[in-house]
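J.: Coordinates only, no sequence provided:
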């Protein structure tokens, strides 16, 4: 048992670990991918929800809903290395441009934050429709797709131009998104 309220999980690129955010117990659990045994439990501020693992396996980013920060966890030491302030009520997070940029949804503010991970700062906010939840980006493109739960749509965002290109009407209150 490593926590309460699991929200998101990712497997590290080497396939050795499963990383799980636990919203109710305010931690991130690192499990052995074969045995399921806990290897590390990393305390985080309230509301760790979304997470993404760097494709090189160097770090994990965790979006903490209540603290309004994204936390970077070093994947060698399994400790919080740094944090960045972002907008409020974020759930979704993804990496772009070979892990140099992160996109984070800010549901209370109807935009996504664009984070430059090398400079460790927010460089832009892109307006989307109401209550953005999840965000994904194709690896070889500058387009991101954002579920807009409050608008029953998906926003198509040009990340390089920092603008929403169009919205696609979908079913009621979309949450999950898979792009590929």
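T.: Perfect, thanks for sending it. Being a predicted model, the structure only gives us computed values, none of them experimental.

J.: residue at max distance from the center of the protein?
T.: What lies farthest from the middle of the chain is residue 35; by CA atoms, centre = their mean that is 25.8 Å.

J.: Within the helices and strands, which one has that one?
T.: Residue 35 belongs to no helix or strand when assigned by DSSP states H and E.

J.: How much space separates it from residue 29?
T.: 13 Å (CB to CB, to the nearest Å). (C-beta placed from N, C-alpha, C; glycine too.)

J.: can you check residue 63 too?
T.: For residue 63, the distance to residue 29 - CB to CB - is 16 Å.

J.: what about residue 169, how many neighbours?
T.: The number of residues packed near residue 169 is 10, by other CB atoms under 10 Å.

J.: hmm, I was thinking of residue 78
T.: 16.

J.: show me the contacts for it.
T.: 30, 39-40, 42 (CB atoms under 8 Å, 6 or more residues apart in numbering).

J.: List only buried entries from those residues.
T.: Among the contacts of residue 78, those that count as buried by neighbour count (16 or more other CB atoms under 10 Å) are 30, 40, 42.

J.: Show me those residues that map onto strands.
T.: 30, 40, 42 (DSSP state E).

J.: Name the nearest residue to the first one, ignoring sequence neighbours.
T.: Spelled out, it's residue 30. residue 40 (4.0 Å; CB to CB, 6 or more residues apart in numbering).

J.: what pLDDT does that neighbour get?
T.: Here the pLDDT value assigned to residue 40 is 96.

J.: what does residue 138 give?
T.: Note on residue 138: pLDDT of 80.

J.: related to what we said a few turns ago, which two in the contacts of residue 78 are spaced the farthest apart?
T.: Using CB to CB, the pair of the contacts of residue 78 lying farthest apart is 39 and 42, separated by 10.5 Å.

J.: shared neighbours, these two?
T.: 30, 78.

J.: Okay, and residue 146 sits in which element?
T.: Going by DSSP H and E, residue 146 is part of strand 143-148.

J.: Next, the angle from whichever helix or strand comes after that strand to strand 143-148.
T.: Note on strand 143-148: by DSSP H and E, the next helix or strand toward the C-terminus is strand 153-158. Angle, strand 153-158 to strand 143-148, by axes from the mean of the first three to the mean of the last three CA atoms, to 10 degrees: 150 degrees.

J.: average pLDDT for strand 153-158?
T.: On average, strand 153-158 scores 96.

J.: Over to stretch 114-129?
T.: In this model, stretch 114-129 has a mean pLDDT of 95.

J.: May I have the distance across that stretch, first residue to last?
T.: The first and final residues of stretch 114-129 sit 16 Å from each other (CA to CA, to the nearest Å).

J.: Stretch 74-88 too?
T.: Stretch 74-88 has an end-to-end distance of 24 Å (criterion: CA to CA).
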